[in-house]
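Undergrad: what follows is a predicted protein model with its sequence.
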Amino acid sequence: MPTYCCTLCWRWRLNEVDCIVVGAGVIGLATARAVARSSREVIVIERERHAGMHTSSRNSEVIHAGLHYTPGSLKARLCVQGREALYRYCDIHGIGYRRCGKFTVAAGQAEVAHLEMIAANARASGVFDLEWLEGAEATKLEPQLKCAVALNSPSTGIIDSHAYLQCLLGDAESYGANVAFGTEVTALHVTDRGIEVCIDGQAAPAVRTRWLINSAGLRAARVATLIAEFPDSHIPRMHYAKGSYFAVPGRSPFSRLIYPAPSATGHLGIHMTLDLAGSARFGPDMQWLDALDETPDYSVDASRTALFADAVREYWPSLPAARLTPAYAGIRPKLSGPGEPARDFLISGPQDHGVAGVVNLFGIESPGLTASLALADVIAALLDS
């Protein structure tokens, strides 16, 4: 087994490995684990100093049941498969989670049709455990909730995403994967011997790999542009949506997640989620960004408090606005822009773009956390095809 220096350079000659994974978010680490389990030599390259510092750790930490995605799509199939795989993985490794359930609520009879569409979509996607509750039944279970009808999803849960990331990291390393933090891919060249990877602005390649899996999340499109021989026509235009969260101090008023009926545009609205300590947070909203900054701005604009309070009072009318405080924000990489229908995950391999050894992952947003283990298996299988 070769010895690596801290910058991935061979001490005597160019290192050759089976697979490079760019990005140590939840998908990158799950993929590195899946590939390393097949006895392939894997290196994960991550520009940040820690795992999952962007999309993977700045979300709602929800284990989704699979209600909202187009039946037959990757999102729908891998969410349902990944949900059960994730629950099993948490049980095996002692990762904190709670299968708390979720109410999607209609404020009035006019919104019941939206819930009926969700229920039909869920059944078509393989989710069969939903339960209808009249307003009085829902209020008996959640006394502070206001709604006409609720659709209960008992398979929805929450997870400690940070513990999950650390477990995936340790698991990948236990199978032999190496992870280089604080290292940035700055150039990529496809040769007849493999893909040469330059790091940290160095002109000479540090490593050559048979397979390159671009799991760079927010920066996946940028990484794809670094491949000198890669066709621009297979790099989609990306859109970036910032989502902010607000919290209330103390114990949550609800024991389940509460989601309003989706808007006409499909946005799931300002929903209420829980953390494992029992605190409530509300979000995300959606603010489209003109561009992705080199250092993303994750600050939360306190002036949006009133907007959040108005949305939350639709299902929690007793919320005192003064209790809402800015919590955190995240940014989602999206293949669809404002006013466009949501698009599926895009896994783009050699059979799609014709460049040997390159697998690009674009638009891996929700339910990426839930689907991560199933998604990783799909990606790993491409290396055998």
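TA: Structure's in. What do you need?
Undergrad: buried sites along stretch 374-382?
TA: 374-380 (16 or more other C-beta atoms under 10 Å). C-beta coordinates here come from the backbone N, C-alpha and C atoms, glycine included.
Undergrad: look at Gly170 and say how many residues are nearby.
TA: Counted by other C-beta atoms under 10 Å, the residues lying close to Gly170 total 12.
Undergrad: so which helix or strand takes in it?
TA: For Gly170, the element it lies in under DSSP states H and E is helix 161-174.
Undergrad: what's the offset of the next helix or strand after that helix from the middle of its chain?
TA: Using DSSP H and E, the next helix or strand after helix 161-174 towards the C-terminus is strand 178-180. Centre-to-centre, strand 178-180 and its host chain are 21 Å apart (C-alpha atoms, centre = their mean, to the nearest Å).
Undergrad: and the next element down the chain from strand 178-180?
TA: strand 185-191.
Undergrad: measure Asp301 to Glu61 for me?
TA: 22 Å (C-beta to C-beta, to the nearest Å).
Undergrad: and Gly182, by the same measure?
TA: From Gly182 over to Glu61 the distance is 26 Å, taken as C-beta to C-beta.
Undergrad: between those two, which has more neighbouring residues?
TA: More crowded of Gly182 and Glu61, by other C-beta under 10 Å: Glu61, with 20 against 13.
Undergrad: what's the burial count for the nearest residue to the more buried one once chain neighbours are set aside?
TA: Excluding the flanking residues, the one nearest Glu61 by C-beta to C-beta, 6 or more residues apart in numbering is Ser161, at 4.8 Å. For Ser161, the neighbour count with other C-beta under 10 Å is 23.
Undergrad: show me the contacts for Ser161.
TA: 26, 52, 56-57, 59, 61, 369 (C-beta atoms under 8 Å, 6 or more residues apart in numbering).
Undergrad: low-scoring stretches of the chain, by residue?
TA: 1-13, 263-267 (pLDDT under 70).
Undergrad: now do the longest helix along it: distance to the chain's middle.
TA: Scanning the chain for the helix with the most residues, using DSSP state H, yields helix 74-93. A distance of 13 Å separates the centroid of the chain from that of helix 74-93, by C-alpha atoms, centre = their mean.
Undergrad: likewise stretch 292-300?
TA: 18 Å.
Undergrad: buried residues in it?
TA: 292, 296, 300.
Undergrad: in helices, which of the residues you listed fall?
TA: Nothing among these maps onto helices, per DSSP H.
Undergrad: ok, the spatially closest residue to Met238 that is not a sequence neighbour - contacts?
TA: Once flanking residues are discounted, Met238 sits nearest to Ala221: 4.7 Å by C-beta to C-beta, 6+ apart. Taking C-beta under 8 Å, 6+ apart, we find Ala221 in contact with 235-238, 362.
Undergrad: isn't there a strand covering Ala221?
TA: No. Under DSSP: H, G, I helix; E, B strand; the rest coil, Ala221 sits outside any strand and is assigned helix.
Undergrad: so how far is Val80 from it?
TA: Separation of Ala221 from Val80 (C-beta to C-beta): 28 Å.
Undergrad: now the helices for the stretch 101-250 of the chain?
TA: Taking DSSP state H, counting those that start in this stretch as the test, the helices found in the stretch 101-250 of the chain are 112-124, 135-141, 161-174, 220-225.
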